[in-house]
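Peer 1: My questions are about this predicted structure, shown below with the sequence.
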Amino acid sequence: MAKNRNKDGKTGQKKIKYGKKEPVVRQSVQETDEPQIRQADIVDPFAMMQTQAAGLGDIDPAAPIRIHIRTFSPLHLGTGYADIHVDADVVQDDVGLPYFPAKRLKGLLYESGCEVAEMAETAELDLFDRAELDTLFRRGRAEQVQLILHNLYIEQYEEIHADLKYLEEKYPSIFRPDDVLGVYANLRWQTRINRETGIAEQTTLHNMRVIEKGAEFSGDIRLDNAEIKHLCILALAVRNLSQCGGKRTRGFGRIGCTLRQNGKDIVPALITKALGRQGRKGGRR
């Protein structure tokens, strides 16, 4: 059988030359590291958060209330500290479980309430008095009404914390807080690319730890000497709160919040009362 011969007289398979693909220079690492918001992701977070709604008559301002928060994009609740491994870490407990600090949540709710007051003033709606908001959050006013919050934790936190505490003490070389935190969070790396050269600039590489989307936190809150009008103010602030943490303008920190009492969502009834429209649910659409 005759063999194929090339121009040099040597036998062998023909070499196929493939066209070279032009290299693609990424403008910035952030373009892939940042969460991309697709059309399928644009959903009503409150529809996912709400359970069976409570009637206005079922709500007791003096009874315990639980606040629930769910993340809809990566969340960075920074500690303000850095080490040789992580430039911006997230808050965590002694065994490595992330949590939502109560003090930070209270500040976010107050800012959210101020935004509602400003929007109501612009729309010429008489939702509540700004002085009542300051009274509820103890901002320059010492009244009997007081909002008390506690840290928010993941579901079944006490049982999980006790088990991890035992394992980390019993097997310290196997179970470590950093490994536990890695279950709920990961690192995002970012750098700056020189647009002219397409090369990363020196000393611009840094990382940050973020809690993955889908995480849920909950905790107890209590209102002392409060009336239903104070709960309405709190419900408006909770419904308006949709972002928190670092890099909010980059798509991070999208959250949904709700209030539950006896397992029922009390926000819709309180929003309806605050708006004074019995036939329409309040909140953003």
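Peer 2: Good, I have the coordinates. Numbering: from 1, shown residues only.
Peer 1: The longest helix along the chain - contacts with which helices or strands?
Peer 2: Longest helix of the chain, by residue count under DSSP state H: helix 102-122. Judged by 3 or more C-beta pairs under 8 Å, 6 or more residues apart in numbering; DSSP states H and E, helix 102-122 is in contact with helix 130-136, strand 146-149, helix 228-240. No exception for glycine: its C-beta is placed from N, CA and C like everyone else's.
Peer 1: what's the average pLDDT for that helix?
Peer 2: Helix 102-122 carries an average pLDDT of 94.
Peer 1: Can you say which of the helices and strands packed on helix 102-122 is nearest to D163?
Peer 2: With distances scored as C-beta to C-beta, the stretch of the helices and strands packed on helix 102-122 nearest to D163 is strand 146-149 (26.3 Å).
Peer 1: partners of the closest one in the sheet?
Peer 2: Partner strands for strand 146-149, per DSSP bridges, with pairing direction: strand 216-224 (antiparallel).
Peer 1: Next, the buried residues of the partner strand.
Peer 2: Residues 217-219, 221, 223 are the ones in strand 216-224 that count as buried (16 or more other C-beta atoms under 10 Å).
Peer 1: so L147 sits right up against I233, yeah?
Peer 2: No: using C-beta atoms under 8 Å, L147 is not in contact with I233, being 9.5 Å away.
Peer 1: Look up the residues that both of the two are in contact with.
Peer 2: L136 (C-beta atoms under 8 Å, 6 or more residues apart in numbering).
Peer 1: show me where the chain has strands.
Peer 2: 65-71, 146-149, 185-190, 206-211, 216-224, 255-261, 264-265 (DSSP state E).
Peer 1: could the ones you listed go into JSON lines alongside distance to I199 and mean pLDDT?
Peer 2: Formatted as JSON lines, the strands of the chain follow (distance: least, C-beta to C-beta, whole Å; pLDDT from 0 to 100):
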{"stretch": "strand 65-71", "distance to I199": "35", "mean pLDDT": "96"}
{"stretch": "strand 146-149", "distance to I199": "48", "mean pLDDT": "92"}
{"stretch": "strand 185-190", "distance to I199": "16", "mean pLDDT": "88"}
{"stretch": "strand 206-211", "distance to I199": "17", "mean pLDDT": "90"}
{"stretch": "strand 216-224", "distance to I199": "41", "mean pLDDT": "94"}
{"stretch": "strand 255-261", "distance to I199": "37", "mean pLDDT": "95"}
{"stretch": "strand 264-265", "distance to I199": "52", "mean pLDDT": "94"}
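Peer 1: could I get those strands as CSV with distance to A131?
Peer 2: Output for the strands of the chain, formatted as CSV (distance: least, C-beta to C-beta, whole Å):
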stretch, distance to A131
strand 65-71, 23
strand 146-149, 15
strand 185-190, 40
strand 206-211, 36
strand 216-224, 17
strand 255-261, 23
strand 264-265, 28
